[in-house]
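Participant: build me a structure from this.
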Amino acid sequence: MSKILQIGPLSENFNQALAAEHQVTALWQQADPQAFLREQGAQFELVATSARFGLSAGQMELLPSLKAICSFGVGYDAIAVEQARDRGIPVSTTPDVLTDCVADLAMGMLIDIARRIAESDRFVRSGDWEKRGFPLAMRVSGMRMGIVGFGSIGQAIARRAGGFDMPVRYHSRRPVADSPYTHEADLQELARWADFLVLACPGGDATRNLINAPVLKALGHKGYLINIARGSVVDEPALIDALQQHVIAGAALDVFAHEPKVPQALREMNNVLLLPHVGSATVQTRQQMEDLLTANIKAFVESGKLLTPL
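Facilitator: Residues are numbered from 1 along each chain as shown. I've put the predicted structure just below:
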C-alpha cells in the first residue's frame, strides 16, 4: 500500500475509500501539522489535496520524497506549482467534469443579480410587498456578455449565453483558435463594452487584482460583475467602493479574497448576490471529481503517471 499524505478532508465516503486502498495519514488530524511534517514528512511520496487546502512551498520543503500531488478541483493557486515543477513533481487536478455545473451557476448568478431574484424573495418575505412595489430590474436576453478567461468554463458560459441571444466577447492572454467569439485584448475595453463581465480565469499571481478600480469604472454604472473564478482575481476593497459609490450596478460573487470571511460591507448591500463557493457543488459533479482524483492516485501508484496533469 502506498503512503499518502492527505492535506484536508473531502467527503466521508472518499476519505474512507482512500484509506481502504492506501496507507493514508490525515494531516489535519495531527496535533501540530508542521511539527509532524518535520518529523515524518520524508515517508510520503504522494499528496492528496484540494483547491481549497492546497500545498504550500513550506509544506513541500518538508516532503523530500514527494513524487506527485493529486488535487480535487481545477484551481491550483493554493499549490506551490512552481516549486513542484522545479523539483519535477507532477500535479494533477480534476478538469472538465465540473465545467457544466460551474457554467450553469454563472448563468444562474447573472440572471439572479440582473432580475433581482434573491432580492425580490427577501422583499416578499419581509412583508414589504404589502407596502410598496418592487423596483424594476435589468433585462438579460440580448444584453452583452464579456468573459475574462476563455478556457473550457469560459467557453461553456459563452455557449449558454447564446441561448439568451447575448453577444459575447472575451479577454484572455491569447485568442482561442477557431472561436466564433471576438477576442478583446484590452480588458478595460471589454468592460466598457459589456453589460455583464463574467470572470472565469485562473487565480494566482498572474491574475491577482486583475479586476481593479479602472476596470470597474469602465464597466460602468449599468454594468454587473459575476465572479465564479477566484477571489484573488478581484481587488475586493475596490469592488466594495465601486458598489457603494454606484460605479457599477451590482455584483454576483461565488468566491472571495479571504474565504470563508466575507466583508460586512458586501453583506449589507442589496445589489450583491453572495454564494459560499458552490460552483461545482452538485452531487453528480462532486462524485465525478472524487472519482477522477481517485483515478489519478491509482494511475500514479500503478504506472507513475497522472491522468490529468497540469
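Participant: return the helix or strand in this protein with minimum mean pLDDT.
Facilitator: helix 12-21 (a mean of 93; mean pLDDT, DSSP states H and E).
Participant: give me the helices and strands touching that helix, please.
Facilitator: Contacts defined by 3 or more Cβ pairs under 8 Å, 6 or more residues apart in numbering; DSSP states H and E place helix 12-21 against strand 3-6, strand 23-26, helix 283-303. For the C-beta atoms, the positions are set from N, CA and C on the backbone; glycine is no exception.
Participant: need the ones you listed in TSV (columns: distance to Ile153, mean neighbour count and mean pLDDT).
Facilitator: Below are the helices and strands packed on helix 12-21 laid out as TSV (distance: least, Cβ to Cβ, whole Å; neighbours: other Cβ atoms under 10 Å; pLDDT from 0 to 100):
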stretch	distance to Ile153	mean neighbour count	mean pLDDT
strand 3-6	26	21	95
strand 23-26	30	16	96
helix 283-303	12	17	96
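Participant: which of the ones you listed sits closest to Gln59?
Facilitator: Closest to Gln59 of the helices and strands packed on helix 12-21 is strand 3-6 (Cβ to Cβ; 9.0 Å).
Participant: Phe150 contacts Arg173, correct?
Facilitator: No - checked against Cβ atoms under 8 Å, the pair Phe150 and Arg173 is beyond contact range at 9.4 Å.
Participant: who has more neighbours, those two?
Facilitator: Between Phe150 and Arg173, Phe150 has the larger neighbour count (other Cβ atoms under 10 Å), namely 24 against 10.
Participant: distance of that one from Ser141?
Facilitator: Using Cβ to Cβ, to the nearest Å, one gets 22 Å for the distance from Phe150 to Ser141.
Participant: same deal with Arg159?
Facilitator: Arg159 is 15 Å from Ser141, by Cβ to Cβ.
Participant: just to revisit the earlier point, check which residues of the least confident helix or strand of the chain are buried.
Facilitator: Phe14, Asn15, Leu18 (16 or more other Cβ atoms under 10 Å).
Participant: wait, Asp104 sits on Arg160?
Facilitator: Yes - contact status for Asp104 versus Arg160: in contact at 7.4 Å, counting by Cβ under 8 Å.
Participant: which among the helices and strands packed on helix 12-21 is found nearest to Gln83?
Facilitator: It is, among the helices and strands packed on helix 12-21 and with distance given as Cβ to Cβ, strand 3-6, at 16.0 Å.
Participant: what about Ile147, how many neighbours?
Facilitator: Applying other Cβ under 10 Å, I find that Ile147 has 28 neighbouring residues.
Participant: quick one, what contacts it?
Facilitator: Neighbour list for Ile147: Gly154, Ile157, Ala158, Val168, Arg169, Tyr170, His171, Val198, Ala200 [criterion: Cβ atoms under 8 Å, 6 or more residues apart in numbering].
Participant: Asn227 pairs with what?
Facilitator: Beta-bridge pairing of Asn227 under DSSP bridges involves Leu199, Leu253.
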